[in-house]
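Participant: Predicted coordinates and the sequence they were generated for:
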Amino acid sequence: MVKMTTDMGKINVSADVFTNLAGAAATNCFGVRGMAMRSVSDGLVHLLKKEAMSKGVHVTFNEDDTIAIELHIIVKNGVNIPVICRSIIKEVKYKVSVDTGVEVKSVDVFVDSIMPE
């Protein structure tokens, strides 16, 4: 949780806000099929529904009031993965920073699977 103090009072922003914002920003990027989660029981990668996409996002709160975001995604077959990842990093940093006012120190993107259209 990030705690901010303003002249009008205190603001607490929970991790859920960051995971939802980051997941939505990532899945709106071209070439992304959705967020991914590796099953513990069978080790397979599963495409997450919109309601559960936060399971593919991990947020770390740093001591300097910044955050680090880790995304697990599934991309469409035939796309340029490095270009898509750069786009996701830029979009997630921008969207989370603008909407919350919290600096995003890093965004790490893990492409867990490739799916046909």
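Facilitator: Nice, thanks for sending it over. No experiment lies behind these values; they were computed from the predicted model shown.
Participant: Could you check how far the most centrally placed residue in the chain is from residue 92?
Facilitator: Per CA atoms, centre = their mean, the C-alpha nearest to the average position across the chain is that of residue 22, at 3.5 Å. According to CB to CB, to the nearest Å, residue 22 stands 5 Å off from residue 92. Yep, even glycine has a C-beta here, placed from its N, CA and C like the rest.
Participant: picking up where we left off before, isn't the residue nearest to the centre of the chain up against residue 68?
Facilitator: No: counting by CB atoms under 8 Å, residue 22 stays clear of residue 68, with 10.8 Å between them.
Participant: Skipping its backbone neighbours, what lies nearest residue 48 in space?
Facilitator: residue 35 (4.6 Å; CB to CB, 6 or more residues apart in numbering).
Participant: Is residue 95 in a helix, a strand, or coil?
Facilitator: helix (DSSP: H, G, I helix; E, B strand; the rest coil).
Participant: pLDDT value on it, please?
Facilitator: Looking at residue 95, its pLDDT stands at 96.
Participant: Run a quick neighbour tally on the closest residue to it other than its chain neighbours.
Facilitator: Closest residue to residue 95 apart from its sequence neighbours, by CB to CB, 6+ apart: residue 25 at 4.0 Å. Other residues within reach of residue 25, judged by other CB atoms under 10 Å, total 22.
Participant: so what's residue 25 up against?
Facilitator: 88, 91-92, 94-96 (CB atoms under 8 Å, 6 or more residues apart in numbering).
Participant: roughly how far apart are residue 52 and residue 46?
Facilitator: Counting by CB to CB - residue 52 and residue 46 are separated by 9 Å.
Participant: Identify the contacts common to these two.
Facilitator: Listed as contacting both residue 52 and residue 46 by CB under 8 Å, 6+ apart are residue 37.
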